[in-house]
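S.K.: what follows is a protein structure lacking sequence information:
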């Protein structure tokens, strides 16, 4: 509009207003429609799922299937680690549901209670935690809990030969989940007997572990079965025995289901009682629990589906919480 | 190049030679560094492109067809331009690039009208703005008021027409939106988007051609082409709104360029390249279809651009993250630009330079420059503390992500704006003062217009960094998977780099090879567009000097 003083623009402005007015009038007179309203009756809203990267694949698949039925409900899923989810998102009240690969700790329950968040424990699937080594590793096919604890329990073992003199005199390269991970907590508690070494490569990204194992014959790591089932040709899973006298069992979903695989562990989701009062969260949880015994959990995600008793128990807990 | 000049020979010593070894080694070293850098980047790009396109999955015959129908004619034409008609080469370069860039821009405009301002909201905004402008104009004509009254009236008009007082006075804009009857969405856009563009085109053509008639034709053609979409859109298989945006954003610049080349009469043969390319693609498609050659299994396809994340790699897409990135960048630009440029103007034009205060200002400036190098995770923590813990905003929403990333680029914006302002010659300021201008008038009419292209270039480059940031988004709780595009600035969102990061973590190898690579390409193209804009601005500015 710098040309105003030359009078050139005056014409164009008058025309501009006239033309806009004319077109606007035509538009109004020509065809018009009532302003559209949101299709009411259809469920809408948001559901925020955080928590374990182990549970993430199930929750994400659930979210995808749920949103095919309820396209206006925005279910966002995230993998923050079980502990990270409780600490930073769920207990402060910023998330509706937290996935966890271990039961909630008492200090986490206290933290939640401070913010008036009441977690409900729901056991929705099972995992066969997998310990794997490089495919080039030809000296070990199975391990006992005792050997695992020697490697992972503290920092004393640095060479393979420190654990078993038949094994090579090479440095252990260890990859595992981060300390915020529920997998880490479960392994610490149930295999190592309460401690975990600090000298290892800890990561939230299980692909990093797989890559580490692939790249070095002296590497070792542990992660959820789902990552193993997607990468069976890239790493070698170890058979596990609880003690010398037991038969080692290889990780598989049937073995985890019938309890013959010793590293079978439960997976949980924790909706908060406050969140399930909201219609979208309630509907999503209902969908989640009803489908938690579906076959696709084993076929497409790689976990042991829940059995009917677990579904019934979870459903009645959900109904009683929502009915309050 | 030995120095054999006789007169200089004595000076250099008995053999008349200067040792060139050091110079040659230095040159070779520089060449090596260049080649290494290019090689590393090139290898990375090839790696990503191969993952995204998977050329190995196509029939060799398919590649042969593509080469014969598209590549060979294009190379032949390029060789011809290079050898015989360099001017036509320039034209060909622009004529191929312009439609592509304009189409990408049209995609951006489409996203804006689909998710950010609906056509009706846009209609209401434009009408309200026109009314506001009219009211101010009338006030200006009726009364010769002082600066204070004008500012007050301006604020009142703005509130009444556009902003409104929540709960007390509805704005004109919201009144229009609540009307029971509104024109159809495409008609609203025709009136409030196409017509202004057509007026601008008409004005531009009239000025260029110095002909009233040419301007009228150009403006009329723009509106007519867009209006034709009511009939032609459904025939072509697109909605009227899509047609309208395409004709306005792609058709107008391409049409203007072609018209200018044709009427200029220079390098007209350059226009043959895009035509040859388009014809080649059509012929290629026909041949491939009839002969039944299978093409490559590309990851980066239309589905990828329009789908949300899916647990099946082949069906996964980037659309919600793309929309999220666009909305986030709007927040970043709106937050970082005024604050950053304001701070730069103060520091350069007003801040004390001498004495104790001057040293303090210098200290502040050094700290700002240092802040530009602080790791982005730290800004994520800052955003978490500031906006979520202290500000009480919900984690993972567009405004939180945008403001956090805006904090991150603020130092870069300030420093680059300072550089641009400093580059304005002092003589111009002195000249303005000499003519009796106040400091405010000098800044407004002399310094800012001169510095603006530089400021914009710096800001756009900073925005380019902003669009690729992941770590701050992780810290403020942007979720790994968001399947619905945000509908407001307070909605949950995902951004492209965040989506890439979560694909990199998924168990299925297809995700961290194919899908991830396709996402990287999309992000790179968006970045290229932004940096290209910055370069165009800079070139335009440099040419004017």
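M.R.: Happy to help now that I have it. In this text, all values refer to a predicted model and were calculated from it rather than measured experimentally.
S.K.: ramachandran coordinates for residue A:105?
M.R.: phi -90, psi 160 (degrees, to the nearest 10).
S.K.: that one: what's it in contact with?
M.R.: Shown in contact with residue A:105 (CB atoms under 8 Å, 6 or more residues apart in numbering or on different chains): A:83, A:86, A:185. Glycine gets a C-beta too; all of them are placed from N, C-alpha and C.
S.K.: just for the stretch 151-300 of chain B, where's the confidence low?
M.R.: Within the stretch 151-300 of chain B, no stretch has pLDDT under 70.
S.K.: chain A contacts on that one?
M.R.: Counting by CB under 8 Å from any CB of the partner chain, the residues of the stretch 151-300 of chain B close to chain A are B:177-184, B:187-188, B:190-192, B:195-196, B:199, B:203, B:223.
S.K.: please, which helix or strand holds residue B:123?
M.R.: Take DSSP states H and E as the rule and residue B:123 turns out to sit in helix B:119-142.
S.K.: who touches the residue nearest the centre of chain A in this structure?
M.R.: Using CA atoms, centre = their mean, the residue of chain A that lies closest to the mean C-alpha position is residue A:56, 2.0 Å off. By CB under 8 Å, 6+ apart, the residues touching residue A:56 are A:77, A:78, A:79, A:99, B:480.
S.K.: phi, psi for the first one please.
M.R.: Taking degrees, to the nearest 10, you get phi -120, psi 150 for the backbone angles of residue A:77.
S.K.: ends of stretch A:241-258, what's the gap?
M.R.: Distance between the boundary residues of stretch A:241-258 (CA to CA, to the nearest Å) amounts to 15 Å.
S.K.: give the buried residues for the helix holding residue B:123.
M.R.: Within helix B:119-142, the residues that qualify as buried by neighbour count (16 or more other CB atoms under 10 Å in any protein chain shown) are B:119-132, B:135.
S.K.: mind picking the two most distant members of the contacts of residue A:56?
M.R.: The widest separation within these, taken as CB to CB, falls between A:99 and B:480 and amounts to 11.9 Å.
S.K.: of those two, who's got more company?
M.R.: residue A:99 (32 against 24; other CB atoms under 10 Å in any protein chain shown).
S.K.: give the other helices and strands that the helix or strand where the more buried one lies contacts.
M.R.: Residue A:99 belongs to strand A:97-100 when elements are defined using DSSP H and E. Counting contacts by 3 or more CB pairs under 8 Å, 6 or more residues apart in numbering or on different chains; DSSP states H and E, strand A:97-100 is packed against strand A:45-51, helix A:56-69, helix A:82-84, strand A:264-271, helix A:279-290.
S.K.: partners of residue A:100 in the sheet?
M.R.: With DSSP bridges as the criterion, residue A:100 is bridged to residue A:268.
S.K.: can you get me a residue count around it?
M.R.: Neighbour count for residue A:100, taken as other CB under 10 Å: 29.
S.K.: would you check that it makes contact with residue A:51?
M.R.: Yes: using CB atoms under 8 Å, residue A:100 is in contact with residue A:51, at 5.7 Å.
S.K.: now the residues of the stretch 151-300 of chain B next to chain A: which count as buried?
M.R.: For these, a burial check counting by 16+ other CB under 10 Å picks out B:177, B:182-184, B:187-188, B:190-192, B:195, B:199, B:203, B:223.
S.K.: out of these, which two are the most distant from each other?
M.R.: For those, the maximum inter-member distance is 29.9 Å, found between B:177 and B:203 (CB to CB).
S.K.: hmm, back to that, mark which of the contacts of residue A:105 are buried, thanks.
M.R.: The neighbour-count criterion (16+ other CB under 10 Å) marks A:83, A:86, A:185 among the contacts of residue A:105 as buried.
S.K.: and of those residues, the nearest to chain B?
M.R.: Comparing those against chain B with CB to the nearest CB places residue A:86 closest, at 14.0 Å.
S.K.: contact partners for the closest one?
M.R.: Here residue A:86 is in contact with A:51, A:98, A:100, A:104, A:105, A:108, A:111, A:112, A:270 (criterion: CB under 8 Å, 6+ apart).
S.K.: with pLDDT and distance to residue A:61 as added columns, please give these in a markdown table.
M.R.: Output for those, formatted as a markdown table (pLDDT from 0 to 100; distance: CB to CB, whole Å):
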| residue | pLDDT | distance to residue A:61 |
| --- | --- | --- |
| A:51 | 91 | 15 |
| A:98 | 95 | 17 |
| A:100 | 93 | 17 |
| A:104 | 93 | 23 |
| A:105 | 92 | 27 |
| A:108 | 93 | 26 |
| A:111 | 93 | 29 |
| A:112 | 93 | 26 |
| A:270 | 95 | 18 |
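S.K.: got the domain boundaries for chain A?
M.R.: Following automatic domain parsing, one finds the domains of chain A at A:45-126+A:266-322, A:130-262.
S.K.: quick check: neighbours shared by residue A:100 and residue A:51?
M.R.: By the contact definition CB under 8 Å, 6+ apart, residue A:100 and residue A:51 are jointly contacted by A:82, A:85, A:86, A:269, A:270.
S.K.: tally up the residues packed near the fourth one, please.
M.R.: Using other CB under 10 Å as the criterion, residue A:269 is surrounded by 27 other residues.
S.K.: which residues touch it?
M.R.: Residues counted as contacts of residue A:269 (CB under 8 Å, 6+ apart) are A:49, A:51, A:55, A:59, A:97, A:98, A:99, A:100, A:122, A:124, A:288.
S.K.: would you confirm that the third one contacts residue A:267?
M.R.: Yes: under the criterion of CB under 8 Å, residue A:55 is in contact with residue A:267, at a separation of 5.3 Å.
S.K.: quick one, which of these two is more surrounded?
M.R.: Neighbours of residue A:55 and residue A:267, each counted by other CB under 10 Å, are more numerous for residue A:55; the result is 31 against 26.
S.K.: phi and psi next, for the more buried one.
M.R.: phi -80, psi -20.
S.K.: dump the residue contacts of it.
M.R.: Applying CB under 8 Å, 6+ apart, one finds that residue A:55 lies in contact with A:82, A:99, A:100, A:101, A:124, A:125, A:267, A:268, A:269.
S.K.: and the gap between it and chain B?
M.R.: According to CB to the nearest CB, to the nearest Å, residue A:55 stands 13 Å off from chain B.
S.K.: what does residue A:194 give?
M.R.: Taking CB to the nearest CB as the measure, residue A:194 falls 29 Å from chain B.
S.K.: can the helix holding residue B:123 be said to contact chain A?
M.R.: Yes: contact of helix B:119-142 with chain A (CB under 8 Å from any CB) involves B:120, B:127, B:130, B:134.
S.K.: which one of the residues you listed is nearest to residue A:190?
M.R.: Ranked by distance to residue A:190 (CB to CB), the residues of helix B:119-142 next to chain A are led by residue B:120 at 59.2 Å.
S.K.: and residue B:200, how far from residue B:119?
M.R.: Separation of residue B:200 from residue B:119 (CB to CB, to the nearest Å) stands at 19 Å.
S.K.: cool, and residue B:199?
M.R.: Using CB to CB, one obtains 19 Å as the distance from residue B:199 to residue B:119.
S.K.: count the neighbours of residue A:58 for me.
M.R.: By the other CB under 10 Å criterion, the neighbourhood of residue A:58 contains 28 residues.
S.K.: my read: it touches residue A:268, true?
M.R.: No: under the contact definition of CB under 8 Å, residue A:58 does not touch residue A:268, with a separation of 10.8 Å.
S.K.: quick one: common contacting residues for these two?
M.R.: When CB under 8 Å, 6+ apart defines a contact, the residues bordering residue A:58 and residue A:268 alike are A:99, A:124.
S.K.: list the contacts of stretch B:318-331.
M.R.: B:108, B:111-112, B:115-116, B:304-309, B:398-399, B:401-403, B:405-406, B:463, B:466-467, B:482-486, B:489, B:493-496, B:498-499, B:518-519, B:522, B:526.
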